[in-house]
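Asks: Okay, here's the prediction I keep looking at, along with the sequence it came from:
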Amino acid sequence: MSAYPGKVEVQGVSEVHGEQVFVLRFLQARNPAWVGRPFFARFDPAATWLDQLLPAFAEPRFFFEETPA
């Protein structure tokens, strides 16, 4: 899917540390260092877009999101 930070591939759904998660990675990204880097979002069967997902494992934000000032 194309999203503001880049093009994201949904690789599937998995269970990690007892939490069901989406496994994602950037195919293209605003920051080239993000390309190919896997990341995880909480599984949400109702989500249809990247901005509807929340980071997995109680993380406050995804690695590609800016840190608030």
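Replies: Nice, thanks for sending it over.
Asks: only C-alpha atoms for contact and neighbour calcs from this point on.
Replies: Fine.
Asks: how deep is W49 tucked in, by neighbour count?
Replies: Per other C-alpha atoms under 10 Å, the neighbour tally for W49 reads 10.
Asks: now do N31
Replies: For N31, the number of neighbouring residues by other C-alpha under 10 Å comes to 11.
Asks: what's near enough to touch it?
Replies: Residues near N31 by C-alpha atoms under 8 Å, 6 or more residues apart in numbering: none.
Asks: Check the gap between P60 and L54 for me.
Replies: According to C-alpha to C-alpha, to the nearest Å, P60 stands 9 Å off from L54.
Asks: Who has more neighbours out of the two?
Replies: Neighbours per residue (other C-alpha under 10 Å) separate P60 from L54, with L54 holding more: 19 against 11.
Asks: Isn't that one up against A41?
Replies: Yes - contact criterion C-alpha atoms under 8 Å: L54 and A41 qualify, at 5.5 Å.
Asks: Pairing partners for the host helix or strand of E9, with directions?
Replies: Assigned by DSSP states H and E, E9 belongs to strand 6-16. According to DSSP bridges, strand 6-16 forms sheet pairs with strand 2-3 (antiparallel), strand 19-29 (antiparallel).
Asks: contact partners of the first one?
Replies: Residues from elsewhere that reach strand 2-3, judged by C-alpha under 8 Å, 6+ apart: V8, L50.
Asks: what about it, distance to the chain center?
Replies: Here strand 2-3 is found 11 Å from its chain centre; the criterion is C-alpha atoms, centre = their mean, to the nearest Å.
Asks: Any regions of this structure where pLDDT drops low?
Replies: For the chain, the stretches with pLDDT under 70 are 67-69.
Asks: let's go with 90 and repeat that
Replies: 1-4, 66-69 (pLDDT under 90).
Asks: can I assume A46 sits in a helix?
Replies: No - looking at A46 with DSSP: H, G, I helix; E, B strand; the rest coil, it is coil, so not inside a helix.
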